[in-house]
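> predicted model, plus sequence, below.
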Amino acid sequence: MNKEIIENIKAFVKERDWEQFHTSENLAKSISIEANELLELFQWSSDAKNVDRIKDELADIFIYSILLANKHGLNIEQIILEKIELNKKRYPKDKAKGNAKKYTEFE
């Protein structure tokens, strides 16, 4: 993850003395709330028209996610790569290609 982005986020939070509110629980709740705000953009249509709103909601999700990862000393790139490797095992190409089944449904 770009260190400049992380430092900008941390500086923004510190300047406002918001660290006190950023418990793991609150950050997780905020991620969920922002994800639901993103989902709301698609509430009555499968195609959201306002790309700027999508950008805003995604940015909020990413910021809260970065803060939560940072709080727990997690390397974002590393945990993403680890998850991809796990998913490669859970979703082998020969079983997963072209379908949306969950890995627990594979025979």
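Cool, got the structure.

> helices and strands around the biggest helix by length in the chain, which ones?
Assignment by DSSP state H gives helix 51-71 as the longest helix of the chain. Packing contacts for helix 51-71, counted by 3 or more CB pairs under 8 Å, 6 or more residues apart in numbering; DSSP states H and E, involve helix 3-15, helix 24-40, helix 76-90. The C-beta positions use only the backbone N, C-alpha and C, and glycine is treated the same way.

> closest to Asn99 out of these?
Closest approach to Asn99 among those (CB to CB): helix 76-90, 13.5 Å.

> what does the helix or strand following that closest one contact?
Later in the chain than helix 76-90, the nearest helix or strand by DSSP states H and E is helix 93-96. For helix 93-96, the surrounding residues in contact (CB atoms under 8 Å, 6 or more residues apart in numbering) are Tyr103, Phe106.

> can you check stretch 6-17 too?
By CB under 8 Å, 6+ apart, the list of residues contacting stretch 6-17 reads Glu19, His22, Ile63, Ile66, Leu67, Asn70.

> outline the domain layout of the protein.
Residue ranges for the domains of the chain, per automatic domain parsing: 1-74, 75-107.
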